[in-house]
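Chemist: below are the sequence and a predicted model; questions follow.
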Number of protein chains: 2
Amino acid sequence: MTEKREYTDDYQDKTLYIPGPTEVREDVIAEMCQPMFGHRMDRMTDLYTTIVEDTKEFLGTDNDVMILTGSGTEIWESSTLNLVDENILVPTCGSFSERHANVAERLGKNVDRIEYEWGQAIKPEDIREALESSDKQYDVVATVMNESSTGVRNPIEEIGDVVAEYPDTYLVVDAVSALGGDYVDIDEHNIDVIFASSQKAFAMPPGLAICTVSDEAYERELSKDSASWYGGFQRALDYYDRKGQTHSTPAIPIMLAYRKQMKHMLEEGHEGRDKRHREMAEYTREWAYEHFDMFPEEGYESQTVACIENTQGIDVAATIEEVNEEYDMAFSNGYGSALGEKTFRIGHMGEHDVESIKALTDAIEDVADL
Amino acid sequence: MTEKREYTDDYQDKTLYIPGPTEVREDVIAEMCQPMFGHRMDRMTDLYTTIVEDTKEFLGTDNDVMILTGSGTEIWESSTLNLVDENILVPTCGSFSERHANVAERLGKNVDRIEYEWGQAIKPEDIREALESSDKQYDVVATVMNESSTGVRNPIEEIGDVVAEYPDTYLVVDAVSALGGDYVDIDEHNIDVIFASSQKAFAMPPGLAICTVSDEAYERELSKDSASWYGGFQRALDYYDRKGQTHSTPAIPIMLAYRKQMKHMLEEGHEGRDKRHREMAEYTREWAYEHFDMFPEEGYESQTVACIENTQGIDVAATIEEVNEEYDMAFSNGYGSALGEKTFRIGHMGEHDVESIKALTDAIEDVADL
């Protein structure tokens, strides 16, 4: 039983290098402090159409965009409700892809997994093999772009090209911790649904999920006997077309922050952010190779989260604690009991750059005596 | 097709008398402007256990509380997924209760309605009659406490007493615009699930839904073959018991605002807020009778939203516009095309009091020349 632990108003702020939430610019935070307004006022139409159209422009997609109040998990659930009658194929390579499968199972769907050892990446040819050889009609292949638990970046572009050969199978991509920091051409690779959370590489406060929806996925939902309402593509997109607003009351303060941050993101551009994140990933990888090893299969390292193998047997928990105390910087241990001390993770996403990542790796070197 | 309408940064703030979002205290707004922290840090446990336990105390319930990032619609959906195998009984008396039925239908459930004319209240004896006479097993009776479209306050206490006679039928109450401003003894009347949205009588920014769950509803979900994950009672409550946190990344800034406002609410108390809201409702009703008439069935007028019948044939849209322009106050027309000019609505909830409501009615008198 959890006991109440009173929130105290006197916390030391920490620079966030965890795999999200990440650092948010001060001018983005400040946007939230405005008196409330109504979600059916013209002002809301101005706000919501601005953030939707700016997001489309940033992502460079012709697909529709919906921005939903909730976490990425909500889109795992609604996209399954919206697109899957019975069968869904889920390659699992870590905690988040496994959870995507669990969500679908809890909804009563039939889930077939392609299981990879943690640290390994999903292989497009395995998906082709499964789609070709199964006598089941898979409504959806659900895959993760960036497996935050293992630091693996899956080849979703190639996976998209494979799934595109099966027109009755829709591709849903969990890009929660990737989009905004790792370039992907959504339309070129026929990704029907791809979603991210605001607090990761978009570098906004948490509370919103960003989702793109292809025309085919929209039509598929329309034709289904059952679908989500809150996370329904049709509900959200039709309401947008008619009113330029959300169908339910949204988290207006987070949307105000979103507007500001999206202007910064447009200024840097999708490819510019991709480049900066690649540089951070390369720096962190080189640092890891110098002192430790990388956990993910070579060639599939994430561009936003480094999962570093603790080959030196440092005390990960103690190092995290001491870096936190001495440097006011927060980074993460490995995911779960199996990897908790065997790996550690550095989120290099959002507002960070090589210099700020180097400040963390210097601190780790100091504390762990590397 | 919606066109982008750029958000401009130079809006005139309006005092909100719409049926939500409503006015939020400045010190509550200011809470949101803090640097981000991680949703798995101890600081988050402090924050989330504080707001959950304070909410339990405010509501005076022994049931569990979950605070979910999303709108009330999300709980319509998840409670249906969590509790309904096949049959749900929905008394409909306005737009929001009808939508609750529509959400369940879109999820593929069998929905039986008890339809009331708009403005009429749900009668407990009709629910008893339906439960007694049907050969169906209704898993859930889903009812609305405060029908914002018609300004009707339904007798959910008596409805609760009726449904309690049917132990395999669970009672789900949409109290989106009531809870926090209209007293209800949740445990005494066996309400299994009742939920509200943060931006209504709780007077917080939008983005969170507050939900209480009985032990029986929790057990019912556990025993089901399928349920929601994001809005799953088990997911949320077990995670709270184990970690004192939310299972998915929540809208941290809104939770910071929530903590502050809940302290104000505890200071005033559930019954104190009830009394203040009753006084606002009585004042508004008397004013309405003096100049117009009330739309809801007598004896069932809402304590948080007055729906006033436009017996004088004033130009509602023009009056709203002029009050908005001249007094910077926003109130609402009737809901939808049928009631748009036939009624108008004043939200008297949250931070308002009789004096601030009188400022609005004075403005309406001035503009409409009453």
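Modeler: In hand now; what should we look at?
Chemist: distance from the chain centre to the helix or strand of chain A at the bottom of the mean pLDDT ranking, please.
Modeler: Within chain A, no helix or strand scores below helix A:336-339, which has a mean of 89 by mean pLDDT, DSSP states H and E. Distance, stretch centre to chain centre, for helix A:336-339: 21 Å (CA atoms, centre = their mean, to the nearest Å).
Chemist: skipping adjacent residues, who's closest to the residue of the stretch 51-200 of chain A found nearest chain B in space?
Modeler: Closest to chain B within the stretch 51-200 of chain A is residue A:108: 3.2 Å, counting by CB to the nearest CB. Every C-beta, even on glycine, is put in place using the N, C-alpha and C of the backbone. Residue nearest to residue A:108 in three dimensions, not counting chain neighbours: residue B:226, with 3.2 Å by CB to CB, 6 or more residues apart in numbering or on different chains.
Chemist: okay, buried residues for the least confident helix or strand of chain A please.
Modeler: Across helix A:336-339, burial judged by 16 or more other CB atoms under 10 Å in any protein chain shown covers residue A:339.
Chemist: after that helix comes which helix or strand?
Modeler: For helix A:336-339, the succeeding helix or strand toward the C-terminus, using DSSP states H and E, is strand A:343-347.
Chemist: burial count for residue A:35?
Modeler: 14 (other CB atoms under 10 Å in any protein chain shown).
Chemist: give the contact list for it.
Modeler: Neighbour list for residue A:35: B:13, B:23-24, B:29 [criterion: CB atoms under 8 Å, 6 or more residues apart in numbering or on different chains].
Chemist: and chain A, which of those reach it?
Modeler: By CB under 8 Å from any CB of the partner chain, the members of the contacts of residue A:35 lying near chain A are B:13, B:23-24, B:29.
Chemist: turn those residues into TSV, columns for pLDDT.
Modeler: Formatted as TSV, the ones next to chain A among the contacts of residue A:35 follow (pLDDT from 0 to 100):
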residue	pLDDT
B:13	96
B:23	98
B:24	98
B:29	98
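Chemist: which of these tops the neighbour count?
Modeler: Neighbour-wise, those (other CB under 10 Å) top out at residue B:24, 26 neighbours.
Chemist: just give the nearest non-adjacent residue to that one, would you?
Modeler: With CB to CB, 6+ apart, the residue lying closest to residue B:24 is residue A:36, at 5.1 Å.
Chemist: quick one: name the residues of the stretch 251-370 of chain A near chain B.
Modeler: Within the stretch 251-370 of chain A, the residues that sit near chain B (CB under 8 Å from any CB) are A:251-254, A:257, A:259, A:330.
Chemist: nearest to residue B:303 among these?
Modeler: Using CB to CB, residue A:252 is the member of those that lies nearest residue B:303, at 24.9 Å.
Chemist: sorry, back to before: next up, the contacts around the residue nearest to residue A:108.
Modeler: Contacts of residue B:226 (CB under 8 Å, 6+ apart): A:106-108, B:81.
Chemist: give me the buried subset of these.
Modeler: Applying 16+ other CB under 10 Å to the contacts of residue B:226 flags A:106-107, B:81 as buried.
Chemist: from those, which land in helices?
Modeler: Among the buried ones among the contacts of residue B:226, DSSP state H puts A:106, B:81 in helices.
Chemist: quick check: residue A:351 is in a helix.
Modeler: No: remark: residue A:351 does not belong to a helix; assigned using DSSP: H, G, I helix; E, B strand; the rest coil, it is coil.
Chemist: circling back: turn the buried ones among the contacts of residue B:226 into JSON lines, including distance to residue A:239 and pLDDT.
Modeler: Listed next are the buried ones among the contacts of residue B:226 as JSON lines, based on distance: CB to CB, whole Å; pLDDT from 0 to 100:
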{"residue": "A:106", "distance to residue A:239": "27", "pLDDT": "98"}
{"residue": "A:107", "distance to residue A:239": "24", "pLDDT": "98"}
{"residue": "B:81", "distance to residue A:239": "22", "pLDDT": "98"}
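Chemist: let's have the buried ones among the contacts of residue B:226 in CSV, adding distance to residue A:17.
Modeler: Output for the buried ones among the contacts of residue B:226, formatted as CSV (distance: CB to CB, whole Å):
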residue, distance to residue A:17
A:106, 32
A:107, 34
B:81, 37
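Chemist: and of the buried ones among the contacts of residue B:226, the nearest to residue A:265?
Modeler: Looking across the buried ones among the contacts of residue B:226 and measuring by CB to CB, the closest to residue A:265 is residue A:107, at 33.0 Å.
Chemist: mind checking the SS state of the residue nearest to the spatial centre of chain A?
Modeler: Geometric centre of chain A, nearest residue: residue A:176, 0.9 Å, by CA atoms, centre = their mean. Following three-state DSSP, we place residue A:176 in the coil state.
Chemist: surely it touches residue A:148?
Modeler: Yes: using CB atoms under 8 Å, residue A:176 is in contact with residue A:148, at 7.4 Å.
Chemist: pretty sure residue A:75 sits in a helix.
Modeler: Yes: the assignment for residue A:75 (three-state DSSP) places it in a helix.
Chemist: circling back: JSON lines for the contacts of residue B:226, including distance to residue A:359?
Modeler: Compiled in JSON lines, those are given as follows (distance: CB to CB, whole Å):
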{"residue": "A:106", "distance to residue A:359": "42"}
{"residue": "A:107", "distance to residue A:359": "43"}
{"residue": "A:108", "distance to residue A:359": "48"}
{"residue": "B:81", "distance to residue A:359": "46"}
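Chemist: now do the least confident helix or strand of chain A: everything it contacts.
Modeler: Residues contacting helix A:336-339 (CB under 8 Å, 6+ apart): A:95, A:118, A:149-150, A:295, A:333.
Chemist: C-alpha coordinates for it, CSV please?
Modeler: This file holds the C-alpha atoms of helix A:336-339, laid out as CSV (Å, rounded to 0.1, in the frame of the first residue of the first chain):
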residue,chain,number,x,y,z
GLY,A,336,14.1,-3.6,-15.2
SER,A,337,15.8,-6.0,-12.9
ALA,A,338,17.6,-7.9,-15.6
LEU,A,339,19.4,-4.9,-17.1
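Chemist: ok, the residue nearest to residue B:24 - how many residues close by?
Modeler: Residue A:36, neighbours per other CB under 10 Å, totals 23.
Chemist: just say helix, strand or coil for it.
Modeler: Using three-state DSSP, the structure places residue A:36 in coil.
Chemist: what's the spacing between it and residue B:198?
Modeler: Between residue A:36 and residue B:198 the distance is 11 Å, computed by CB to CB, to the nearest Å.
Chemist: common neighbours of these two, please.
Modeler: In contact with both residue A:36 and residue B:198: B:205-206, using CB under 8 Å, 6+ apart.
Chemist: nothing else from me, thank you.
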